[in-house]
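Engineer: here you go, sequence then predicted model.
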2 protein chains.
Amino acid sequence: MAEPLRIALAGLGTVGAGVVRLLDANGDLIARRAGRPIEVVAVSARDRTKDRGIDISRFDWVDDPAELAGHAGADVVVELVGGSDGPALSLARKTLQGGKGLVTANKAMIAHHGLELAGAAEAAGVALKFEAAVAGGIPVIKGLREGAAANVLTQVYGILNGTCNFVLSKMEAEGRDFAEVLAEAQRLGYAEADPSFDIDGIDAAHKLSILASIAFGAEPAFDDIAITGIRHVLGADIAEAAALGYRVRLVGVAEAGGDGLFQRVHPHLVPLDHPLAHVSGSLNAVVAEGNFVGRLLFQGRGAGDGPTASAVVADLIDIARGEYGPPYAMPAAALSALPPAPTGDRRGRAYLRFTVADKVGVLAEIAAAMRDAGVSIESLMQRGANPDGSVLVAIVTHEGPERSVAAALERLRGSQSLAGEPMWMPILGD
Amino acid sequence: MAEPLRIALAGLGTVGAGVVRLLDANGDLIARRAGRPIEVVAVSARDRTKDRGIDISRFDWVDDPAELAGHAGADVVVELVGGSDGPALSLARKTLQGGKGLVTANKAMIAHHGLELAGAAEAAGVALKFEAAVAGGIPVIKGLREGAAANVLTQVYGILNGTCNFVLSKMEAEGRDFAEVLAEAQRLGYAEADPSFDIDGIDAAHKLSILASIAFGAEPAFDDIAITGIRHVLGADIAEAAALGYRVRLVGVAEAGGDGLFQRVHPHLVPLDHPLAHVSGSLNAVVAEGNFVGRLLFQGRGAGDGPTASAVVADLIDIARGEYGPPYAMPAAALSALPPAPTGDRRGRAYLRFTVADKVGVLAEIAAAMRDAGVSIESLMQRGANPDGSVLVAIVTHEGPERSVAAALERLRGSQSLAGEPMWMPILGD
């Protein structure tokens, strides 16, 4: 059998330890599939003595992960340190500049510095692969980059954050409110102690940015993504949506067209006959629409040591086989710099929810604002008073331009009738 | 830009014409992704003058498809002639032996002769790719062969025939019986004039055999597949299943384990919380279970010119990039010859339906046969008499070995109480 592919592994958290466990468990099979063994030769982590359930004494230990970039025995560095900048970025740059391949699960780093790193990889003629950075174990980067490569992709969207989907699914199943469910998710380890990256949509946006670049051949444009997380979704929103035949999901949507690149992460109402409505718990799913293939769906576990290690090692197998090309399917220099698409022209149906004072004239005020902004109402529900005396008004609009809805909300801004910010959620089309 | 990849195309039916249309429509983008243009240089089909909506005057015309194997200007032959043997097989053999790559959508040929052809491709050092042979546009061969390559896959199963799924979905939605819906599907062009290959499960079995080889590194063993189609599913079965929280789907299941390779195509009851329950109409979907990645789901359009052409051209892009290896992920000689696994030991729940005469003692006879065979009954429903006076008895069993259910059915064989063959369907596990 051919020479092994030799790996230097930076970071031995759950994913790093998972990669070692996976290579131990499935090594023989992987060698048959890859045409040669894949072997870890060196590791680096914060704590050398921590018990991770794996034997690391057989590997070279390096205190400073940056040194792995120059490790004489390694062909490829696997970066599992995390963080968009700092040691991870410095290791990535050194690795590629030094002529070694790089595999990473670091979505923040790729979202912010992917273009630079891809250029460096191409200049050095080495691999840069990041399947594990998006949707965990689901081979969606490969699915778009290679499987759907014959298509002009017009749209890619999906459920990209397992923590948010877990929280929304639990709110739905148990009729509870956000704060309560989040606290439980934190106790169970499904949400971080500081959950903001997940809950506020940043993590999903990192992944969306990567998917958009791959799908559309567009330069990454993370800063152009409009991001709203799930913090302000009420149990009542989920109940109203259910009554209307929808589920609430945090969906990242990217579209490329004549007017540029549209990218948004936002809670959506998803119709029950759409496959994303049936993605529950901590699962992830990605949908892509191609001009010949139609709609493709990829679904699976979007996080966790096993799925993420599976994606990392799939990248390593591709490298061992010599089957890798430019990270974004085409050379980094060939990616288009697309301007952000204006959102106001987008047409669709929307869900609006107002928390209002229970007094005469409130409904008339809301209805007048809708009328004056040209928003056509498909259905309106007002439910009895909350314990604090406030009342929920939920509206589903007919299809129309988003700018009209925004104008209606603007008209209502500061109204004495409203208690708190209104909630607006787009309704995912069929 | 590098030299184009030059294609000789055998077969200009809907898929062949679709490939030409796709390359015309998306050629520039494909060239950027593939690193070089992909160009058709020669074609062969039955009728040179037929209007296919594409201009074929720019290609070399060859009357005998077998000549394409020796076409001096072509690097790769795309075989879209069809049929497991005959001209397709002869073209495939000549192409590979002559040192050209081969891309095919021919599931029957790959199911029956894939091992031989893979050996020939490896011996010649050329590509043999057949993404379009399984599940149309869904990149599931790539997903298993590469995306899930780090995993020991224990199970692969799915909805592999769009015609059957269309018919079952329509029976479900409209409460109609098989023959009626099939006739309509034929009128609409969703089913062939001779629908047997689809309806009786042969087509799904071809695809299952290919998936099993890729997933498990097993030699193709099409002849070992137990195949039952959907011809004997009644509207009443679908209604009973719905009342119990299931949908009926034709599912191909392959499992590899200590006792060999299990492969079966059979109508199943699928629980509503399983993703396959939500695959409706002519869609296809494939699920794979890996020891690290967990459950992966791939879903999309499993047939039609656009999706199939998308898969054919994805294979061509891989070849243009030089990113291909052994067709079955590992060398054909390294595939294991797994014995067929005995089915009797399989444990699961099952649905049984009897059409019985409406007379005293029938239920007791059925119940006694179940008891004597050691089958534990979870639920039993008897519905009022059919117009012909017969009665339906539907049973769901508790989990148990399949051999017990087979023994119970054996005890009832020839009983005067039964009108017609009983229906048995396994219930898909969660």
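Structural biologist: In hand now; what should we look at? Note that the coordinates shown come from a computational prediction; the quantities given were computed from them, not determined experimentally.
Engineer: what are the buried residues along stretch A:97-106?
Structural biologist: A:100-106 (16 or more other C-beta atoms under 10 Å in any protein chain shown). Backbone N, C-alpha and C define where each C-beta goes, glycine included.
Engineer: out of those residues, which touch chain B?
Structural biologist: Checked against chain B using C-beta under 8 Å from any C-beta of the partner chain, those give no members in range.
Engineer: keep only those of these that are in strands.
Structural biologist: Using DSSP state E, the members of the buried residues of stretch A:97-106 that fall within strands are A:101-104.
Engineer: and which of the buried residues of stretch A:97-106 is nearest chain B?
Structural biologist: Nearest to chain B, judged by C-beta to the nearest C-beta, of these is residue A:103 at 11.7 Å.
Engineer: doesn't residue A:316 make contact with that closest one?
Structural biologist: Yes: the pair residue A:103 / residue A:316 is scored as a contact, 6.0 Å apart, by C-beta atoms under 8 Å.
Engineer: please enumerate the shared neighbours of those two.
Structural biologist: Contact with both residue A:103 and residue A:316 is made by residues A:76, A:78, according to C-beta atoms under 8 Å, 6 or more residues apart in numbering or on different chains.
Engineer: quick one on the thing from earlier: now, which of the buried residues of stretch A:97-106 sits nearest residue B:217?
Structural biologist: residue A:103 (23.5 Å; C-beta to C-beta).
Engineer: need the pLDDT of that closest one.
Structural biologist: Among the per-residue scores, residue A:103 holds a pLDDT of 98.
Engineer: and it, what are its bridge partners?
Structural biologist: On DSSP bridges, the residues paired with residue A:103 through beta bridges are residue A:78, residue A:129.
Engineer: ok, back up a step: how about the buried residues of stretch A:97-106, which pair is most distant?
Structural biologist: A:100 and A:105 (17.0 Å).
Engineer: leaving out the residues flanking it, which one is nearest to residue A:399?
Structural biologist: Leaving aside its sequence neighbours, residue A:399 sits nearest to residue A:349 (C-beta to C-beta, 6 or more residues apart in numbering or on different chains; 5.2 Å).
Engineer: in terms of pLDDT, where does the one you found sit?
Structural biologist: Note on residue A:349: pLDDT of 97.
Engineer: distance check, the spatially closest residue to residue A:429 that is not a sequence neighbour against residue A:252.
Structural biologist: With C-beta to C-beta, 6+ apart as the criterion, residue A:429 has its nearest non-adjacent residue at 6.6 Å, and that residue is residue A:348. For residue A:348, the distance to residue A:252 (C-beta to C-beta, to the nearest Å) stands at 16 Å.
Engineer: which one of these two has more residues nearby?
Structural biologist: Neighbour count, other C-beta atoms under 10 Å in any protein chain shown: between residue A:348 and residue A:252, residue A:252 has more, with 28 against 16.
Engineer: would the more buried one count as being in a helix?
Structural biologist: No: using DSSP: H, G, I helix; E, B strand; the rest coil, the secondary structure at residue A:252 is strand, not a helix.
Engineer: hey, what's it bridged with?
Structural biologist: Beta-bridge partners of residue A:252, as defined by DSSP bridges: residue A:158, residue A:265.
Engineer: contacts only, for it.
Structural biologist: By C-beta under 8 Å, 6+ apart, the residues touching residue A:252 are A:157-158, A:160, A:201, A:204-205, A:207-208, A:211, A:263-265.
Engineer: wait, does the lengthiest helix in chain A contact chain B?
Structural biologist: Longest helix in chain A by number of residues (criterion: DSSP state H): helix A:14-34. Yes: Helix A:14-34 lies within reach of chain B by C-beta under 8 Å from any C-beta, at A:18, A:22, A:25-26, A:29-30, A:32-34.
Engineer: repeat that for stretch A:183-199.
Structural biologist: No: using C-beta under 8 Å from any C-beta, stretch A:183-199 stays clear of chain B, coming no nearer than 15.4 Å.
Engineer: so how far is that stretch off the chain centroid?
Structural biologist: Stretch A:183-199 sits 16 Å away from the centroid of its parent chain (C-alpha atoms, centre = their mean, to the nearest Å).
Engineer: and the stretch 101-250 of chain A, which residues reach chain B?
Structural biologist: Residues of the stretch 101-250 of chain A lying near chain B (C-beta under 8 Å from any C-beta): A:131, A:137-139, A:142-143, A:146-152, A:217.
Engineer: pull the most distant pair out of the residues you listed.
Structural biologist: A:137 and A:152 (27.5 Å).
Engineer: comparing those two, which residue is more hemmed in?
Structural biologist: Between residue A:137 and residue A:152, counting by other C-beta under 10 Å, residue A:137 is the more crowded of the two (31 against 19).
Engineer: and the helices in the stretch 251-400 of chain A?
Structural biologist: For the stretch 251-400 of chain A, helices defined by DSSP state H, counting those that start in this stretch occupy the ranges A:305-321, A:362-373.
Engineer: chain B: which of those helices is closest?
Structural biologist: Closest among the helices of the stretch 251-400 of chain A, using C-beta to the nearest C-beta: helix A:305-321, at 3.5 Å.
Engineer: now do that closest one: distance to the chain's middle.
Structural biologist: 19 Å.
Engineer: now do it against helix A:14-34, angle only.
Structural biologist: Relative orientation of helix A:305-321 and helix A:14-34, computed by axes from the mean of the first three to the mean of the last three C-alpha atoms, to 10 degrees: 40 degrees.
Engineer: tabulate the CA atom coordinates of helix A:305-321 in CSV.
Structural biologist: Output of helix A:305-321 as CSV, limited to C-alpha atoms (Å, rounded to 0.1, in the frame of the first residue of the first chain):
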residue,chain,number,x,y,z
ASP,A,305,-18.0,15.0,17.8
GLY,A,306,-19.0,12.0,15.7
PRO,A,307,-20.6,13.8,12.7
THR,A,308,-18.0,16.6,12.7
ALA,A,309,-15.1,14.1,12.8
SER,A,310,-16.8,12.2,10.0
ALA,A,311,-16.7,15.4,7.8
VAL,A,312,-13.1,16.1,8.8
VAL,A,313,-11.9,12.6,7.9
ALA,A,314,-13.9,12.7,4.6
ASP,A,315,-11.8,15.7,3.7
LEU,A,316,-8.7,13.8,4.6
ILE,A,317,-9.7,10.9,2.5
ASP,A,318,-10.2,13.2,-0.5
ILE,A,319,-6.8,14.6,0.0
ALA,A,320,-5.3,11.1,0.4
ARG,A,321,-6.9,10.2,-2.9
